[in-house]
Every structure is written in structure tokens, then in C-alpha cells.
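> Using only what follows, build the 3D model:
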Amino acid sequence: MNAAPSSTLKPSRGTAAPEPLTRLNTGLLAPLTLTSFVGLLNGFALGPFLPAISADIGTSVPVLGQVATATFLITAIGGLVVGPLADRLGHRRMILAGLVTTLLSAAGTALAPGFGVLLITRMIGGIGGSVSSGVPLAVAGSRFAGDARRRALSIITATVAAGAVVGAPLLTSIGAALSWRAAFGFVAFLTALALLGFGLFFPREAPREDATGSLLRGLVEAYLPLIAERRMVLLFGAALLQAIAWTGPFTYLGAFFEDQLGFTTQEIGYGYMATGAGFFAGSVLGGGRMRGVPLATIFALSTALIGVLWAAILIADAGPYLTVGMLVCLTVVGGIGRVAFTTLLANVSPAGAATTMVLNASTITLGAALGSLLGGSLIGLGGYRLLGVGLPVFAFSAALVLTLGHARNTPARE
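Predicted coordinates for the structure are as follows:
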């Protein structure tokens, strides 16, 4: 992998930036990874329980899938404000606020009596998701440099997988033994512990010099460097298309396991565990050296391969073992591509750390919302096979946008 410059991603505005670390600091990384873990655990926990929740509150699975769509949209829109606010007010404050909303969401979901309350509590969780999915990456991108930056981003990205590897089977086991409500109660408990730990142990930050003033002006100023540079627009466009093809369809993975493969609730948890293990492995591999292959090339190739694998998974009637095996391969490839893309952003972005990373998370989440909406529509029209035909179109488009656009704007060293 090409060497990264010591520090390209800007620190938070209005502060005296500490010298970026060239070695990992576990005391700094541990609270960040825990924040990502509980935020993402709350975010994906709905998926494995869609059939059970559907039966409990009397709402169809496709309609419940749109709860995920609404949550994704809140996360995407909220991220447009969360990123600049974190650069303006401080990463620590924003992460604490995000953990509070995640706690409220998980507890509210556990107690939701019907569809309306469930929708509101998941949308509250979308706000917390906009923080947990981007701000920890912003801290890592701005406080580490060189190989340490790539490894830190890799570790935080791998917490997505940890949520599936550890969280999915644990939550589905709780759901099978007790109920899906008890599973969300457990998520609320873990979030409370994370909130307490982060408040006690994460280092305090120096006061912001520009914490006052016009919020609207601050938002415009934060995004101008990204909008003005054609390469950055293309990068975010590729991220949006890739998320439609990859992240969105996972909304219906639990239903796919049950409808097409005949899995029980606990077996669905094992399926999530397997795919999470694949994403974890890919994230770890993405944090290593890639023998000088450019980051943009890694992302483009991995995205194209994701399209091929989705087509094979959804169109071919390959049986449970081979299907899960292909899903694991898909998530390995996706993990490698995600780390490559996040590192590329950290290396070339001209904007603030939190603005860049949370906008990236919002872009991915918006793509997930569109992918979820598209997935529900295609499944309703022609089943999972039609979804398998549609997803590669977006995957190949993402690879094409990045390849054609970034190739003409790539610096000598990424």
C-alpha cells in the first residue's frame, strides 16, 4: 500500500492540534471502539428480529424494513450537522451525546408497544448512529499518522464485525430464550456501560476557540473544501453507489435466511456471526500492507466483486452452506474495501476530520437507506432473484465512477 503523508486530514477547527501519533495508543482507541460497537450493535439489531417483531406487533416484514430505511435517512441527514458540530464543539462532547441517544433508542425499542413508537425510537437511534459511525473515525484519522492511522481506522472499522460476530448470536440467543425486547434491553445496558466508561476515561479536550458564532455559516464553511474539489465529489459519489449495492441489502438478510434457507431465529444469529467474522477478517487485512496497490484500486476492485457475489448469492439456489460461504467472502471483500476507502479519505480530504468522516458515514447510510428501499421494492416485485439482478448495476457503477474520476486526480502518494 502506498505510504500516507504524515497528516493530511485536518484536525478540529479552532484548536491547537496535538502532534499525530505514529504508534497506536490503546488508551485512546479503546473508548472509541466501544462507542462504535454499541452504536452499530443498536443499529443492526433490528435485522435479525424482523420476523419476530412482525409477528409481535402485527406489521409485515417489508413495512418493518422501511423503519430501517427511515433510520438510515435520519443518520444520513443528522451526519451533515453532527460532523461540523463535532469539529466545532469537540469530539468528546459529541460522542457523549451520541451515546445518550443510542441508550434512549435501545431502551425505547425494548418497550415499544406498537409500530409508531418503534419507528420513533429507531429514528432517535439514527441520530446516535450518525455519531458512532463517523466521529470515532475522525478522532483516529486526526490523532494518528502513517501506518498507525491505517491500523487505527482498521481496528475501529472491525468493530462493525465484532458487533455481528459477538453481538448477533448473543442477541438472538437472548431473543430465543426470552424475547426480542429482552435483547434490546441488553443493548441498552451495554450502552449505559459505554457511556459511563467514555465519560470517565476518554481524555478531555481543550476549549474550542470558535465554538460560538453562526451555525449555518459554520456548516457552509465546513463543506466548501469538499464541494469545491472534483475528486472529493467523485469519491463520495462512489461511496453512495457502493452502499446501495452492499449495505442496503443487509436489511433483509435475516428475512432471506428464514425465507430462502429455512433458518430458525438462533440460526439467523449464527449466519450474522459468520458474515461478521468475514467483515472482521477483511477489516484486519485492509489494515495491513497491500503490496503497493493504490487505495482507489483496492476499493474499485472490491466493489465490483461485491456485485458479482450478490448476484451469485441471490440468483443461484446454492443451499445454506455454500450461500453462507459466499456471504462470508462478500463481507471479507467489503471489509478490505471499506478500510481502503476510509484511509484514502483521511489521506486526501481538505476538510475537518469529523466533517469528512461523518459525511462519509452519512453518505454510506444514505446509500443504505436507498438500498433498503430498492431492496424492498425489488423483493416485492420479483423476489430475491430480481434483487440479485439489480445490485450489480450499482456496484459496477461505483467502481466505474471511482476509477474514471480518481485516476485523473490521484497524487503521486496516497
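> Within its local environment, how many residues does Gly116 see?
10 (other CB atoms under 10 Å). (C-beta placed from N, C-alpha, C; glycine too.)
> Could you say whether it sits in a helix, a strand or coil?
What DSSP: H, G, I helix; E, B strand; the rest coil gives for Gly116 is helix.
> For it, give its distance to Arg122.
11 Å (CB to CB, to the nearest Å).
> I'd guessed Ala188 sits against Ala106; true?
Yes: in this structure, Ala188 is within contact of Ala106 by CB atoms under 8 Å, at 3.8 Å.
> so for the helix or strand containing Leu73, what's the average pLDDT?
Counting by DSSP states H and E, the element that carries Leu73 is helix 61-89. Averaged over helix 61-89, pLDDT sits at 76.
> how far off helix 61-89 does the following helix or strand past that helix point, in degrees?
Going down the chain from helix 61-89, the next helix or strand is helix 91-111, by DSSP H and E. Counting by axes from the mean of the first three to the mean of the last three CA atoms, to 10 degrees, helix 91-111 lies at 160 degrees to helix 61-89.
> Which strands or helices does helix 91-111 pack on?
If you count contacts as 3 or more CB pairs under 8 Å, 6 or more residues apart in numbering; DSSP states H and E, helix 91-111 packs onto helix 26-44, helix 61-89, helix 115-132, helix 135-143, helix 180-201.
> Return the most buried member of these.
helix 135-143 (a mean of 28; mean count of other CB atoms under 10 Å).
> which SS class is the closest residue to Thr342 other than its chain neighbours?
Excluding the flanking residues, the one nearest Thr342 by CB to CB, 6 or more residues apart in numbering is Leu153, at 5.1 Å. Three-state assignment for Leu153 (three-state DSSP): helix.
> pretty sure Leu153 contacts Ser142?
No: checked against CB under 8 Å, the pair Leu153 and Ser142 is beyond contact range at 11.2 Å.
> Tell me which residue is most central in this structure.
Ser133 (5.4 Å; CA atoms, centre = their mean).
> which residues sit in contact with that residue?
Ser36, Gly39, Leu40, Gly43, Thr75, Gly79, Val358, Ala361, Ile364, Thr365 (CB atoms under 8 Å, 6 or more residues apart in numbering).
> Could you do Phe236 as well?
Leu226, Leu359, Asn360, Thr363.
> ok, the third one - how many residues close by?
By that I understand Asn360. Residues near Asn360, counting by other CB under 10 Å, number 24.
> quick one: which helix or strand includes the residue lying closest to it once chain neighbours are set aside?
Spatially, and ignoring its direct neighbours in sequence, Asn360 is nearest to Leu345 (5.7 Å; CB to CB, 6+ apart). If you go by DSSP H and E, Leu345 is part of helix 320-348.
> Run the chain-centre distance for that helix.
From the chain centre to the centre of helix 320-348 is a distance of 12 Å (CA atoms, centre = their mean, to the nearest Å).
> Mind giving me the packing neighbours of the helix or strand that comes right after that helix?
Remark: after helix 320-348, the chain's next helix or strand is helix 353-406, criterion DSSP H and E. Under the contact criterion of 3+ CB pairs under 8 Å, 6+ apart, helix 353-406 touches helix 61-89, helix 115-132, helix 135-143, helix 215-228, helix 230-245, helix 253-261, helix 295-315, helix 320-348.
> hmm, 7 Å instead?
With contacts taken as 3 or more CB pairs under 7 Å, 6 or more residues apart in numbering; DSSP states H and E, helix 353-406 sits against helix 61-89, helix 115-132, helix 135-143, helix 215-228, helix 230-245, helix 295-315, helix 320-348.
> Of the ones you listed, which is nearest Ala52?
Of all the helices and strands packed on helix 353-406, it is helix 61-89 that lies closest to Ala52, at 10.3 Å by CB to CB.
> elements contacting that closest one?
Applying 3+ CB pairs under 7 Å, 6+ apart, one finds that helix 61-89 contacts helix 50-57, helix 91-111, helix 115-132, helix 215-228, helix 353-406.
> can we see that at 8 Å?
Partner elements for helix 61-89 (3+ CB pairs under 8 Å, 6+ apart): helix 50-57, helix 91-111, helix 115-132, helix 135-143, helix 215-228, helix 353-406.
> Quick one: closest of those to Ala255.
Nearest of the helices and strands packed on helix 61-89 (CB to CB): helix 50-57, 5.6 Å.
> From the contact counts, what lies against the closest one?
Applying 3+ CB pairs under 8 Å, 6+ apart, one finds that helix 50-57 contacts helix 61-89, helix 115-132, helix 180-201, helix 253-261.
> quick one: buried residues of it?
Leu50, Pro51, Ala52, Ile53, Ser54 (16 or more other CB atoms under 10 Å).
> Was I right to think the second one contacts Ala255?
By that I understand Pro51. Yes: between Pro51 and Ala255 a contact is recorded at 6.6 Å, counting by CB under 8 Å.
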